[in-house]
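**Q** pasting a predicted model and its sequence here:
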There are 2 protein chains.
Amino acid sequence: MKALVIADGSLSLEERPTPEPAADQVVVEVAGAGVNRADLLQVRGAYAAPPGWPEDVPGLEFSGTVAARGPGCRWIGDGDRVFGIAGGGAHATHLLVQESLCAPLPDGLDPVTAGGIPEVFVTAFDALVTQAHLKPGERVLIHGAGSGVGTAALQIVRAIGASSVGTARTPSKLERARELGLDAGVVASDDMAGAIGEVDVVLDLVGGDYLSIDTAVCRPRGRILIVGLLAGAEARLDMGTVLRKRLTVIGTVLRSRPEHEKAAAMADFARSVVPLLADGRLRPVIERIVPLDRAQEAYSFLHSNSTFGKVVLSAGG
Amino acid sequence: MKALVIADGSLSLEERPTPEPAADQVVVEVAGAGVNRADLLQVRGAYAAPPGWPEDVPGLEFSGTVAARGPGCRWIGDGDRVFGIAGGGAHATHLLVQESLCAPLPDGLDPVTAGGIPEVFVTAFDALVTQAHLKPGERVLIHGAGSGVGTAALQIVRAIGASSVGTARTPSKLERARELGLDAGVVASDDMAGAIGEVDVVLDLVGGDYLSIDTAVCRPRGRILIVGLLAGAEARLDMGTVLRKRLTVIGTVLRSRPEHEKAAAMADFARSVVPLLADGRLRPVIERIVPLDRAQEAYSFLHSNSTFGKVVLSAGG
């Protein structure tokens, strides 16, 4: 197999032995695999792989075909189309992964673009529904509405009967987000709280000083999910408002979770998100597909922050 | 009836018409009623009564005897011993309150001291168990372990099979807290994080810069409950730690909740806390009992921050 290997802060495609599955593992021949910000950090040496995953091959999500399976697998069959999440190693032609981190890929979905689905849809569904308990009729603020997680989140919000307001730094990203179902868009600025209005849930992919906007716009019992820290990891928290409104602030990350928690999130995804992908109510938002042997191009593009939706590597599988 | 009335920032005992209960209301002849910090703020004009409650009579908790009841009452009988919470009005000889905010007072409990039970035990149970989902075997940090809520919380922690570490500003408060079941005590200082060790849940009655200690000592998936802000309402939040450890920060307050939420908290209290009070595993911690006609003394004493546990007004009922 070929794998994208990190050495001294740069990437190269190298030949590696194709792994053999044991126990409940499968080997997936990868068709598509999304690029995520955690991959960029890992290349820079700023985000070590979680224990049990390849130290030098990035890639947190995949779509493809089951090439081999261990004797402890329960539902997966050779040749099955699957997609799912991993702690690393997906930017390769083959990936060794537990069956519990895979879900069946619905017929109508292209296996290359589907490689950009799991990370953002699992993250958004887990944050909005599993952790924030989003209900129909509630209103959600999405900071970074044009990002991969943002475009997944605004579709989930609409699909479950809630409404959304999104922020982005450019009107063009908001326009594209509206076409996907965003109800209201606000160009990011220091005094955007008034234009945002009141919300019940915040999905904050930006962090930094946005936290003060989050607490200001929340209604009583609002939930603020911190999913990204592009604007910084420190902020002032107005605890008086947090206490008076009885707000909840939750930090969340998928990559470092223990495998049983990743499996639980994937089970939720398979039950609640996959049917909505199968019937077209949710769809992947893919900005660009780049062949695995030109991966650096894909990484640089994501790093530019000019993407709308996902960047996916096609591995040819 | 006599009621403690706020006028121009001071308190006086005045004659008022005894109310008549309608619908699901009862009139309780008050035996004891705890003094809380919210009462001090209300006297200073800094904390208006919630809608539907007396604007000028403080008092958020009570114990006593049912003197009259409305036709919509379900379980309460004339002469029943009850205790419970209110949005105000309890610092009086008689209180008009909904049946749903009352619980039966167990036989073994003195009705005067029981007036100091509901606010702190409802707050601590609601925060630790209902909101933080505290489990046996987990470790809880209590900032302000000698306070009313602190002394209730450390007993609840022990009663449900968890363990506790508490902070206070004086060794003597920690010594008394240990006698009530606190497992470890740490005198408050800027560098107390190391002495505290790791915890799963924080009950923070202090606020301010304690928040940075809270995020530092939490294990992954820790829950931080902000219940008080004695040290200030603004703090820096290390969102990188919140995200990496997947922490939850929850602000909570009882007084301003809508009545149906107060009733839900009282139902939890009646089911889970009252039996533990009845069998002696939990007990009220009362620093001083002051007659209602010397209420100012009780208010000043609480304001001094030198109390351990509760200050209760005895109303003679």
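**A** All right, it came through fine. Residues are numbered from 1 along each chain as shown, chains lettered A, B, ... in the order given.
**Q** show the contacting residues for the residue of the stretch 51-200 of chain A found nearest chain B.
**A** Proximity of the stretch 51-200 of chain A to chain B (Cβ to the nearest Cβ) peaks at A:Q131, 8.5 Å away. The way it works is simple: take the backbone N, C-alpha and C, and place the C-beta from them, glycine included. Contacts for A:Q131 (Cβ atoms under 8 Å, 6 or more residues apart in numbering or on different chains) come out as A:R223, A:L225, A:I250, A:T252.
**Q** need phi/psi at it.
**A** The phi/psi pair for A:Q131 (degrees, to the nearest 10) reads phi -100, psi -40.
**Q** so how far is B:A38 from it?
**A** A:Q131 sits 31 Å away from B:A38, going by Cβ to Cβ, to the nearest Å.
**Q** go on, A:G137?
**A** 32 Å.
**Q** so the two - more neighbours on which side?
**A** Neighbour count, other Cβ atoms under 10 Å in any protein chain shown: between A:G137 and B:A38, B:A38 has more, with 21 against 10.
**Q** and the more buried one, what element?
**A** Here B:A38, judged by DSSP states H and E, is contained in helix B:37-43.
**Q** who are the packing partners of that helix?
**A** helix B:295-303 (3 or more Cβ pairs under 8 Å, 6 or more residues apart in numbering or on different chains; DSSP states H and E).
**Q** flag every buried residue along the helix it packs on.
**A** Using 16 or more other Cβ atoms under 10 Å in any protein chain shown as the test for burial, helix B:295-303 gives B:A295, B:A298, B:Y299, B:F301, B:L302.
**Q** also stretch A:9-23?
**A** Neighbour-count burial for stretch A:9-23 flags A:L11, A:L13, A:R16, A:T18, A:P19, A:P21 (criterion: 16+ other Cβ under 10 Å).
**Q** picking that back up, what's the separation between the residue of the stretch 51-200 of chain A closest to chain B and A:I142?
**A** 15 Å.
**Q** same list, the buried residues of helix B:295-303, but as CSV with pLDDT and distance to chain A please.
**A** Shown next, in CSV, are these (pLDDT from 0 to 100; distance: Cβ to the nearest Cβ, whole Å):
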residue, pLDDT, distance to chain A
B:A295, 97, 27
B:A298, 97, 25
B:Y299, 97, 22
B:F301, 96, 25
B:L302, 95, 19
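**Q** so which of those comes closest to A:L276?
**A** Nearest to A:L276 among the buried residues of helix B:295-303: B:L302, at 54.7 Å, using Cβ to Cβ.
**Q** check contacts around the closest one.
**A** By Cβ under 8 Å, 6+ apart, the residues touching B:L302 are B:V35, B:N36, B:R37, B:L40, B:V311.
**Q** can you check A:C102 too?
**A** The neighbours of A:C102, taking Cβ under 8 Å, 6+ apart as the test, are A:V26, A:V28, A:I76, A:V82, A:F83, A:G84, A:M266.
**Q** now do A:R236
**A** A:D209, A:L211, A:S212, B:E234, B:A235, B:R236, B:L237.
**Q** identify the farthest-apart pair in those residues.
**A** A:D209 and B:A235, at 14.7 Å, using Cβ to Cβ across these.
**Q** who's more crowded, these two?
**A** B:A235 (22 against 14).
**Q** just the element for the residue nearest in space to the middle of chain A, please.
**A** Central residue of chain A (Cα atoms, centre = their mean): A:V120, 2.1 Å from the mean position. Per DSSP H and E: A:V120 is located in helix A:118-125.
**Q** and that helix with chain B, contact?
**A** No. For a cut-off given as Cβ under 8 Å from any Cβ of the partner chain, helix A:118-125 has no contacts with chain B; the smallest distance is 12.1 Å.
**Q** for the record, mean pLDDT for that helix?
**A** Across helix A:118-125, the average pLDDT comes to 98.
**Q** contact partners of it?
**A** Residues contacting helix A:118-125 (Cβ under 8 Å, 6+ apart): A:34, A:36, A:60-63, A:83-85, A:103, A:148-149, A:151-153, A:156, A:203, A:227, A:252, A:254, A:265-266, A:268-269, A:272-273, A:277, A:282, A:310.
**Q** and for stretch A:12-29?
**A** Stretch A:12-29 is contacted from outside by A:1-5, A:62, A:64-74, A:76, A:82, A:92-100, A:102, A:292-293, A:295, A:317, using Cβ under 8 Å, 6+ apart.
**Q** so A:I156 is in which element?
**A** Assigned by DSSP H and E, A:I156 falls in helix A:148-159.
**Q** got the CA positions of that helix in PDB?
**A** Only the C-alpha atoms of helix A:148-159 are listed here, as PDB (Å, rounded to 0.1, in the frame of the first residue of the first chain):
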ATOM      1  CA  GLY A 148     -16.700  21.800   6.900                       C
ATOM      2  CA  VAL A 149     -18.300  21.400  10.300                       C
ATOM      3  CA  GLY A 150     -20.300  24.600   9.700                       C
ATOM      4  CA  THR A 151     -21.900  23.300   6.400                       C
ATOM      5  CA  ALA A 152     -22.700  20.000   8.000                       C
ATOM      6  CA  ALA A 153     -24.100  21.700  11.100                       C
ATOM      7  CA  LEU A 154     -26.500  24.000   9.300                       C
ATOM      8  CA  GLN A 155     -27.900  21.100   7.300                       C
ATOM      9  CA  ILE A 156     -28.500  19.000  10.500                       C
ATOM     10  CA  VAL A 157     -30.100  22.000  12.200                       C
ATOM     11  CA  ARG A 158     -32.600  22.300   9.300                       C
ATOM     12  CA  ALA A 159     -33.100  18.500   9.100                       C
END
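**Q** now the angle between helix A:118-125 and that helix, please.
**A** Helix A:148-159 and helix A:118-125 are oriented at 50 degrees to each other (axes from the mean of the first three to the mean of the last three Cα atoms, to 10 degrees).
**Q** so does helix A:148-159 get close to chain B?
**A** No. Applying Cβ under 8 Å from any Cβ, one finds helix A:148-159 out of contact with chain B, separated by at least 13.2 Å.
**Q** from the contact counts, what lies against that helix?
**A** Helix A:148-159 is packed against helix A:118-125, strand A:139-143, strand A:163-168, helix A:171-179, strand A:199-204, with contacts defined by 3+ Cβ pairs under 8 Å, 6+ apart.
**Q** quick one: mean pLDDT for it?
**A** The pLDDT scores in helix A:148-159 average 97.
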